[in-house]
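A.B. asks: I'll drop the sequence and a predicted model, then ask my questions.
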Amino acid sequence: MIAPLQAMVALNRLLVTPRRGRTPAAVGGKRLRQKTARAALGFGVLGFALASLALAAAIEMVKPQWRDPEFGVRLDQIRKWQAKAPHRRPLVVVLGTSRVQMGISPAAMGFPDEPGSPLVYNCGMIGARHAMVLLNLIRLRDAGIKPDAVLIELFPRLLGSEATVESELELWAPRLTNRDLDHVAPFAGDLSNVRRKWAVSRLNPWSQYRLQLMSAWLPTWIKENNREDGARARLDDYGFAPHPAVWVAPREAERARARIKAQQFDKGSRLTRVGSQFDKLIHDLVAWCRAERIEVAFFWTPESPAFRSWFQPEERAVAEEYGRSLTRELGRPVFPAPDHLSEDVFVDGHHLIRSGAEQYSRWLAENHLKPWLARYGLPVTPRSAAGH
């Protein structure tokens, strides 16, 4: 009997005695560490969610340059110009695509930097077709900036476009605000896809806007050509962002022209009529500006001799007739493109280098912009020169 009793006692001790290293204190310590880890993880997730919410709010309402550097930087510059002038200077904003951004140098136009003299500001943005031109005007107005006059780019290759407002804005959704979409809704159809892309961009702003944030906070950590800051390194005080090349080798320019020709002319696409959607956008632009009492003029952007030669005569006829119709039906002037610029001031046939932009800007100001502005009583020459 003793042996079985001893075995039972030994088994009981084995069942109730903690294993080595598993004392009650050790078990409690492990549970405490697990609880602390779960709390730390929970606080980390909560902190990240709050930080993301705060960033999304800042991007939406406070820091436009973090979501749309090209627009945000220019908005800051216009505000600085208006704060600098002791008396108001009439504001003339030039709107369009990269051809405007690289091709219009207000500093070269010869307007005096003095009270009462027109302030010409370049608000051209890469890829900003006419839906974005309209929205950029609305965004300026929403920010409390009302231009006295605007110059709007016309480019023959865009006249046949049937792209709708909503299809153009889909690419820009992360750069817009919900308020922007509300503003542009009367001019668009179904914006549900644009709003969906806008919402997705705000769910994880750290990932969506990483390049913009790095460009703003740590610009030296990334290469200049990878920065999302609206070419800030090249942007002058008037919004002009010249092409980085001061000279383009003939062989390199020829290759660039060949790429453009293959993309825009060799695919069988020819301008036979003005697209209904494009025409609607132009009319919406003029109607909005008229309601805001903003003067409007259009201008054909410069083209190199080689680029001009790629158009068929009937294409030119369509473009020229449309320009005349804007004057005839809407009462808006359309400034012609120059025909004196040489091939070597173009990068690819339709983007100018700095010297070409300065030549063109002086020609545009002297021959068209200054006479147009003078009709509205705006001083366009220095007072000292006007007195002689």
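C.D. replies: Structure's in. What do you need?
A.B. asks: how is this protein partitioned into domains?
C.D. replies: Here the domain parsing of the chain from automatic domain parsing is 28-62, 65-386.
A.B. asks: tally of neighbours for the nearest residue to residue 264 once chain neighbours are set aside?
C.D. replies: With sequence-adjacent residues excluded and distances taken as C-beta to C-beta, 6 or more residues apart in numbering, residue 264 is closest to residue 157, at 5.5 Å. For glycine as for every other residue, the C-beta is placed from the backbone atoms N, C-alpha and C. When counting by other C-beta atoms under 10 Å, one arrives at 19 neighbours for residue 157.
A.B. asks: surely residue 157 is in a strand?
C.D. replies: No. Read with DSSP: H, G, I helix; E, B strand; the rest coil, residue 157 is helix and lies in no strand.
A.B. asks: that one reaches residue 271, doesn't it?
C.D. replies: Yes. With contact defined as C-beta atoms under 8 Å, residue 157 counts as touching residue 271 (7.4 Å).
A.B. asks: hang on, residue 297 is in a helix, isn't it?
C.D. replies: No. Under three-state DSSP, residue 297 falls outside any helix and is assigned strand.
A.B. asks: worst-scoring helix or strand of the chain, pLDDT-wise?
C.D. replies: Least confident helix or strand of the chain, by mean pLDDT, DSSP states H and E, is helix 383-386 with a mean of 40.
A.B. asks: using CSV, write out every CA atom in stretch 324-331.
C.D. replies: Extracted C-alpha coordinates of stretch 324-331, given in CSV (Å, rounded to 0.1, in the frame of the first residue of the first chain):
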residue,chain,number,x,y,z
ARG,A,324,-12.5,84.2,-85.4
SER,A,325,-15.7,82.7,-83.9
LEU,A,326,-14.5,83.5,-80.4
THR,A,327,-14.2,87.2,-81.3
ARG,A,328,-17.3,87.2,-83.4
GLU,A,329,-19.6,85.3,-81.0
LEU,A,330,-18.1,86.0,-77.6
GLY,A,331,-16.4,89.3,-78.2
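A.B. asks: so who does the nearest residue to residue 128 once chain neighbours are set aside touch?
C.D. replies: With C-beta to C-beta, 6+ apart as the criterion, residue 128 has its nearest non-adjacent residue at 5.6 Å, and that residue is residue 97. Applying C-beta atoms under 8 Å, 6 or more residues apart in numbering, we find residue 97 in contact with 124, 125, 126, 127, 128, 129, 153, 155.
A.B. asks: export the residues you listed to TSV and tack on secondary structure?
C.D. replies: Shown next, in TSV, are these (three-state DSSP):
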residue	secondary structure
124	coil
125	coil
126	coil
127	coil
128	coil
129	coil
153	strand
155	coil
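A.B. asks: buried subset of these?
C.D. replies: Buried by 16 or more other C-beta atoms under 10 Å: 124, 125, 128, 129, 153, 155, out of these.
A.B. asks: wait, what's in contact with the second one?
C.D. replies: So that's residue 125. Neighbour list for residue 125: 70, 71, 97, 98, 101, 132, 136, 230 [criterion: C-beta under 8 Å, 6+ apart].
A.B. asks: how close does it get to residue 34?
C.D. replies: Using C-beta to C-beta, to the nearest Å, residue 125 is found at 53 Å from residue 34.
A.B. asks: and residue 275, by the same measure?
C.D. replies: Separation of residue 275 from residue 34 (C-beta to C-beta): 65 Å.
A.B. asks: tell me which of the two has more neighbours.
C.D. replies: Per other C-beta under 10 Å, whichever of residue 275 and residue 34 has more neighbours is residue 275, with 15 against 10.
A.B. asks: give me the phi and psi for that one.
C.D. replies: phi -60, psi 140 (degrees, to the nearest 10).
A.B. asks: show me what contacts it?
C.D. replies: By C-beta under 8 Å, 6+ apart, residue 275 lies in contact with 159, 160, 161, 162, 163.
A.B. asks: could these go into a markdown table alongside distance to residue 222, pLDDT and neighbour count?
C.D. replies: Formatted as a markdown table, those follow (distance: C-beta to C-beta, whole Å; pLDDT from 0 to 100; neighbours: other C-beta atoms under 10 Å):
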| residue | distance to residue 222 | pLDDT | neighbour count |
| --- | --- | --- | --- |
| 159 | 38 | 95 | 19 |
| 160 | 38 | 93 | 18 |
| 161 | 34 | 91 | 19 |
| 162 | 37 | 92 | 9 |
| 163 | 32 | 91 | 16 |
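A.B. asks: find the pair from those residues with maximum spatial separation.
C.D. replies: Longest distance between any two of the contacts of residue 275 is 11.9 Å, between 159 and 163; criterion C-beta to C-beta.
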